[in-house]
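Q: Here's a sequence, model it:
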Amino acid sequence: MESREIKSPVPESPVTPAGVANFDGSSRRKKLGIYFLESDDRRTALGGGYVAGGTTPVNIHGKPITNLSKTGGWIAAFFIFGNEMAERMAYFGLSVNMVAFMFYIMHQPFADSANAVNIFLGISQASSVLGGFLADAYLGRYWTIAIFTTIYLAGLTGITLCASMSVFLPNQEHCDQLSLLLGNCEQAKPWQMLYLNAVLYITGFGAAGIRPCVSSFGADQFDERSKDYKSHLDRFFNFFYLSVTIGAIIAFTAVVYIQMQRGWGAAFGSLAIAMGVSNLLFFIGTPLYRHRLPGGSPLTRVAQVLVGAFRKRKKPFSSSELVGLYEVPGKRSSIKGSGKIPHTDDFRCLDKAALRLKEDGDDPSPWVLCTVTQVEEVKILLKLLPIPACTIMLNIVLTEYLTLSVQQAYTLNTHMGQLKLPVTCMPVFPGISIFLLLSLYYTIFVPLSRRITGHPNGASQLQRVGIGLAVSILSVGWAALFEKYRRGYAIDHGYESIFLTPMPDLSAYWLLIQYCLIGIAEVFCIVGLLEFLYQESPDAMRSVGSAYAAVAGGLGCFAATIMNSIIKSVTGDSSKGKPSWLSQNINTGRFDYFYWFLTGLSVINFCVFIYVARRYKYRSTPEQVVEKGEQKGLNMVVNPLGGT
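A: Presented below is the predicted three-dimensional model:
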């Protein structure tokens, strides 16, 4: 076997080969990276893999792009923005209208309707990891988007048919507001609800495939070797979320207006038309796109590392049989779509999967011996987990606002001068605050924060996530204060039992404070998280990494539903006539207590995030590692058994 001399990632001091078996534990922990062996044995690396950083873009046919100036960049990104705008318009259009549609048209109980939609939203986000897996493993991001956006359109078309054709709807005669509240309207037949749920989940399945791929595919359009790459990437993710916000604003205004003027069929039909137009634009932009070849199943590579580490769990790092940490030769890794990843000392038990022993033979199975890059992929996925996990709490708050704040708005005066805004339009205000913040982000926030932090982008990705979580605490804290005042006002002025009657002297625009604050929190947290996951994820797992954000959103929806059920059962007792905190009659419930409960959880979550973020170390590229080694004057033979 041939071994080669390379520079150690981060060694502390030179070590002679003869000392391998005699290290004490602490010394081995510091110096394991020295035994980083490149071997010629694994032939799959020859002609495969990517150079450092995974920067080799290809066209739709998988051929290298000879003239990058004719592809990618901002022009290609704008076609992708259009697809995301329509997808978000459909997503938010369904989230804000489907509860009302199930309640008013399908005659389902309000609580059941809200839970059904929350579960749908949760599944559509949590299952995004499937779309990320297919993109990274087999299809690539472009074809994953192309397939699932077509499925999305089919689901929206099915929902439009459900809302437009009377055969799919229960009888609407003799069903006024009082009958709805008393549950006396004819409920939808089981097969009608089965059809609605089927097309709804087809739509969710389509969204699950698109969501983890769109942001990563857009970021792929920029050249990693460009000196302005990080600046372009930072602006891309801000503009990307701006397109998300525009889609949400249209959903909360134009779609609601269409529903009020033309009916439910026209409202859902407008979402299907917008999705169809965006699909057409996405396909028109095909010649401009840069692609990354899929790197094979990431789950298989993860499983190989776990199995390899388990098999060698009893092999000490000081074994006389140790040849070195295994890696393929040259600049390319054995994983298509990925550059080499330097060795780190995190999760050292996983390094056992890369331990090359004499007993492994000349051509070991990947289930016995993995490369350092493959092991580091798994380490990175594990290190990333706590960051998106800390954003679950923000997603819980966002989910609760979709229902709780709308219930608050029903009791308040929504007039703006002579104009009366529909209650379902109220969630548009977080979108407007996001739009304004993103518009002013580079002219106000970045220059001011740059003076404080010295960071070229004003704040690092994790700092932006932390700012978002902190602002969300202010938002939900204000919501608790205002709800206490609103409830007291309703009781003092005789509105305790008539909770669907607006109080003319109490404006709904007091809700704008919590809406605007949660909008600001969302911008900082979600945009920072998307950029963080894209840059920190392994090159061949960026769709899976981006899916982490969507999974956190889905878990937030599920957690909100479970939390609501627990709060209702613990705080209420129907046998004694004691209403729960989340009573349907908001004036007898205690939404303010629930908001304070969310505030406390948000504070605890923020403290956990600060601890996790301070311990996190950003990834180093192979070039940075080599540069550090050269600065220390290190040049070591990596084969401890004396190979040259």
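Q: tally of neighbours for residue 115?
A: As a burial measure, residue 115 scores 19 neighbours (other Cβ atoms under 10 Å). No exception for glycine: its C-beta is placed from N, CA and C like everyone else's.
Q: That one is in contact with residue 563, isn't it?
A: No - here residue 115 does not reach residue 563: they are 11.6 Å apart, not a contact under Cβ atoms under 8 Å.
Q: where along the protein do the strands fall?
A: In the chain, the strands defined using DSSP state E lie at 36-38, 322-327, 355-357, 412-413, 415-416, 419-420, 503-507.
Q: Pick the most deeply packed of these.
A: Of all these, strand 322-327 carries the top mean neighbour count, a mean of 24, counting by mean count of other Cβ atoms under 10 Å.
Q: neighbours around residue 359, how many?
A: Burial measure for residue 359: 10 neighbouring residues, criterion other Cβ under 10 Å.
Q: please begin residue numbering at 13 from this point
A: Right, with 13 as the first residue, what we last looked at is residue 371.
Q: so what's the residue nearest the centre of the chain closest to, chain neighbours aside?
A: To find the centre residue of the chain, average its C-alpha atoms and take the closest one (Cα atoms, centre = their mean): that gives residue 561, at 1.7 Å. Using Cβ to Cβ, 6 or more residues apart in numbering and skipping the chain neighbours, the partner closest in space to residue 561 is residue 541 (5.3 Å).
Q: thinking again about what came up before, please convert the strands of the chain to CSV, extending it with mean pLDDT and distance to residue 476.
A: Formatted as CSV, the strands of the chain follow (pLDDT from 0 to 100; distance: least, Cβ to Cβ, whole Å):
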stretch, mean pLDDT, distance to residue 476
strand 48-50, 56, 34
strand 334-339, 76, 34
strand 367-369, 84, 39
strand 424-425, 83, 33
strand 427-428, 73, 32
strand 431-432, 72, 36
strand 515-519, 83, 32
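Q: Which among the ones you listed is found nearest to residue 287?
A: Within the strands of the chain, the stretch nearest residue 287 is strand 431-432; the backing value is 29.6 Å (Cβ to Cβ).
Q: Parallel or antiparallel, list what pairs with the closest one.
A: strand 427-428 (antiparallel) (DSSP bridges).
Q: Point out where the stretch 363-512 of the chain drops to low pLDDT.
A: Counting by pLDDT under 70, the ranges of the stretch 363-512 of the chain that qualify are 429-430, 436, 454, 465, 469, 512.
Q: all helices of it, in order?
A: Along the stretch 363-512 of the chain, the segments classed as helices by DSSP state H, counting those that start in this stretch run 384-396, 398-401, 404-412, 418-422, 440-452, 458-465, 473-504.
Q: can you give me the helices for the stretch 213-362 of the chain?
A: Listed in chain order (using DSSP H, counting those that start in this stretch), the helices of the stretch 213-362 of the chain are 241-262, 268-274, 276-296, 310-323.
Q: With mean neighbour count, distance to residue 589 and mean pLDDT as new columns, can the ones you listed be given to me in TSV?
A: What follows is the helices of the stretch 213-362 of the chain, written out as TSV (neighbours: other Cβ atoms under 10 Å; distance: least, Cβ to Cβ, whole Å; pLDDT from 0 to 100):
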stretch	mean neighbour count	distance to residue 589	mean pLDDT
helix 241-262	21	40	82
helix 268-274	16	36	84
helix 276-296	20	36	89
helix 310-323	18	53	88
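Q: Could I get these in CSV, plus columns for distance to residue 477?
A: Output for the helices of the stretch 213-362 of the chain, formatted as CSV (distance: least, Cβ to Cβ, whole Å):
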stretch, distance to residue 477
helix 241-262, 12
helix 268-274, 31
helix 276-296, 29
helix 310-323, 24
